[in-house]
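1. Got a sequence here, can you build the structure:
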Amino acid sequence: MTGAVSAIFWGVVVLSLLVFVHEGGHYLAARACGVRVTEFFLGMPCRFKLSHKSKDHGTEIGVTPILLGGYTRICGMENSGDELLGSALMAVQRAGRISVSDLASQLGCDVDRAYGLLATLADWAAVRPYYDPALGEHEGQSDWPASFETLRRDASLRTEYDRGHDFSQAGTTNYGEPRDPGMGAAEFLARERGRTYLGCGFWRRCAMLLAGPVVNLLVALVVVTASFMVMGVQVASNEPVIGSVSPGSFAEAAGIEAGDRITAVDGESVSTYEDLVAAIKPYLESGTDFSLDYERDNTTYETTVDLVDGQAAEYLGITNQAYTYYPSLGEAIRGSVAYGGLVAEYAVKLIVPTHTMEVLDQSSSVVGISVMASEAASAGVPTLAFFIGAISMSLGFMNLLPIAPLDGGKILIEIIQAISRRQVSARAQTIVSYVGLAFFLFVFVVAMRNDIVTFVIGG
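-> I've put the predicted structure just below:
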């Protein structure tokens, strides 16, 4: 029971931390691109939360009790080309506060369409829902309220989510106050759209999408590099000294023990472990007995390795010794990059049909990651740090795969749109996302099966 609790705890800690870091990359990139971000949280969305609203850019930053990752609300991720958006924005701005039914009447559309328009504008942080206590409405309710209102804007029409806003200026208007923007509906709408994700150009949108995986990879590079330098790396010695002996092996039967130095194989002297391997190989392949001379406690001994006559043996049952080498900063960085290359190759193989099952058979789900996180934590801070770095690297490369709804899939859609100069329809994007989700559901099921076999049945 204690082991299960430890696995759950460390699994939640590691995965939540890495997802939060990933979302932090998206958040910072969006802010750098001048895009409005309304929320940045550790934990999944929940009405119960502990948060603080930034005075500089209005983003609500905090934590929720559902510590299973994190999320960032970047304004304007969903496309909407409704021709009434500008008129709806202007109507709210001039009224200060307006009911959905009144807006529908003004625009000559049905209430559902009016709600859709206002929901889009609220997603852009161009207006906000107004919860009327007299109607029993409150923030956190499952449906939209009956009315929407204007945001607080300074003299230049900047909201609290916009860089450089100054509410101390004369001409600032508060929430729910009417104000004529002094420009046409189309110009005002374009101004508001320009502060959303979809209002940005191709390169800025790609930068925001890339930022999450890139931050994961940078964190991984730093953590893995530091771990290599602190823990060192195990390097196999070329001395003909036995590191370990497999139980039940031919070597154990011959009396060989860890720490023995082999000096000769059937009378032929050996000075390196490579010499030892090369010398015993013909005997193992032919199933021929041979002698070993070895030193133990400054005393020389000789023993005979009895193989099954005429039957090839796969191995003798020995390994060489290893020592811990502490690399320099440059060596550690090169090692981290090389390790990253292996992880990237592994991720790419996942979407190559001829290698998919090969990769999946070696994969772990959140269950396996949680168990391994617990074991890493028990081994000490450096081991846990290396594990976190390794998972961060995997998360970064996985998110770059060109599969929707991953960041890589979204970037692929952006590239297709840029080349074709046409928007990929919302319906097509939804279908592609469902296909991607189905694939990852399959990946999860196979990985979960591996974990059950390894940690439940096998453990």
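2. From here on, just use CA atoms for contacts and neighbour counts.
-> Noted.
3. now the strands for the stretch 51-200 of the chain?
-> Taking DSSP state E, counting those that start in this stretch as the criterion, the stretch 51-200 of the chain contains strands spanning 60-63, 70-74, 97-99, 127-130, 147-150.
4. nearest to Val12, of the ones you listed?
-> Relative to Val12, the nearest member of the strands of the stretch 51-200 of the chain by C-alpha to C-alpha is strand 70-74, separated by 11.4 Å.
5. name the helices or strands packed onto the closest one?
-> If you count contacts as 3 or more C-alpha pairs under 8 Å, 6 or more residues apart in numbering; DSSP states H and E, strand 70-74 packs onto helix 2-32, strand 37-42.
6. Go again with 10 Å.
-> Counting by 3 or more C-alpha pairs under 10 Å, 6 or more residues apart in numbering; DSSP states H and E, the packing neighbours recorded for strand 70-74 are helix 2-32, strand 37-42, strand 60-63.
7. circling back: tabulate the strands of the stretch 51-200 of the chain (CSV), appending mean neighbour count.
-> CSV is the format used below for the strands of the stretch 51-200 of the chain (neighbours: other C-alpha atoms under 10 Å):
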stretch, mean neighbour count
strand 60-63, 18
strand 70-74, 23
strand 97-99, 20
strand 127-130, 22
strand 147-150, 25
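8. Would you confirm that Pro65 contacts Ser16?
-> No. The pair Pro65 / Ser16 is not scored as a contact, 11.7 Å apart, by C-alpha atoms under 10 Å.
9. When these two are compared, which one has more neighbours?
-> Neighbours per residue, other C-alpha atoms under 10 Å: of Pro65 and Ser16, the larger number sits with Ser16, 20 against 14.
10. Not counting its neighbours along the chain, what's nearest the more buried one?
-> Nearest-residue entry for Ser16: Gly69, 3.9 Å, with adjacent residues in sequence omitted and distances by C-alpha to C-alpha, 6 or more residues apart in numbering.
11. Torsion angles phi and psi at the one you found?
-> Here is the backbone geometry of Gly69 (degrees, to the nearest 10): phi 120, psi -140.
12. quick one, what contacts it?
-> Taking C-alpha atoms under 10 Å, 6 or more residues apart in numbering, we find Gly69 in contact with 12-23, 41-45.
13. rerun at 6 Å
-> 16, 19-20, 43 (C-alpha atoms under 6 Å, 6 or more residues apart in numbering).
14. sorry, back to before: could the helices and strands packed on strand 70-74 be laid out in CSV, adding mean pLDDT and distance to Leu209?
-> Below are the helices and strands packed on strand 70-74 laid out as CSV (pLDDT from 0 to 100; distance: least, C-alpha to C-alpha, whole Å):
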stretch, mean pLDDT, distance to Leu209
helix 2-32, 87, 7
strand 37-42, 95, 14
strand 60-63, 94, 20
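15. May I have the phi/psi pair for Met231?
-> When read as degrees, to the nearest 10, the backbone of Met231 gives phi -80, psi -30.
16. er, Ile351 I mean
-> Torsion angles at Ile351 (phi, psi; degrees, to the nearest 10) stand at phi -100, psi 10.
17. Likewise for the one 4 residues further on?
-> Reported as degrees, to the nearest 10, the phi and psi values for His355 are phi -120, psi 0.
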